[in-house]
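# no FASTA, just this:
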Ligand code: 5GP
């Protein structure tokens, strides 16, 4: 059996995380190396490796991740000031953990384009 990645271990409660939201489809927790005052990761409980490996039939789940990020932004108090949602897919994007995750970043002004 392949080694679980760190996010699967967080889902399975084998590694601690500061969880801010959980439901039957997803988990949201604070990033361990925050890049903004609010930096939360929203992940599916299903083991989707990255967005380009999402399958037909998972559209509803993908939409749920975005809607959850939006709700967490509201509960974190950054909905009005603004926030950024990021999905890193593959090496050039800097993807480090092979379990789909939506970064929710906010609480400070951000630059565009990203570096
Ligand atoms: P990626 O570069 O794959 O898009 O983002 C992975 C994110 O996971 C990084 O922002 C990194 O700080 C975060 N991360 C890695 N390991 C852990 C961990 O053990 N706990 C938490 N909460 N976040 C982690």
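The structure has been received and is ready for your questions. This structure is a prediction, so every number in the text was calculated from the model and none was measured.
# now the helices for this protein?
With DSSP state H as the criterion, the chain has helices at 6-11, 59-76.
# hmm, the first one touching the ligand?
Yes: judged by Cβ under 6 Å from any ligand atom, helix 6-11 and the ligand are in contact via residue 6. All C-beta atoms are positioned from the backbone trio N, CA, C, and that covers glycine.
# can you pull the buried residues of that helix?
Neighbour counts over helix 6-11 (16 or more other Cβ atoms under 10 Å) mark 6, 7, 8, 10, 11 as buried.
# among the helices of the chain, which is the most enclosed?
Greatest average neighbour count among those goes to helix 6-11 (a mean of 19), per mean count of other Cβ atoms under 10 Å.
# other SSEs contacting that one?
Using 3 or more Cβ pairs under 8 Å, 6 or more residues apart in numbering; DSSP states H and E, the elements in contact with helix 6-11 are strand 26-30, strand 38-44.
# what is the orientation angle of the longest one with helix 59-76?
Using axes from the mean of the first three to the mean of the last three Cα atoms, to 10 degrees, the direction of strand 38-44 lies 160 degrees away from that of helix 59-76.
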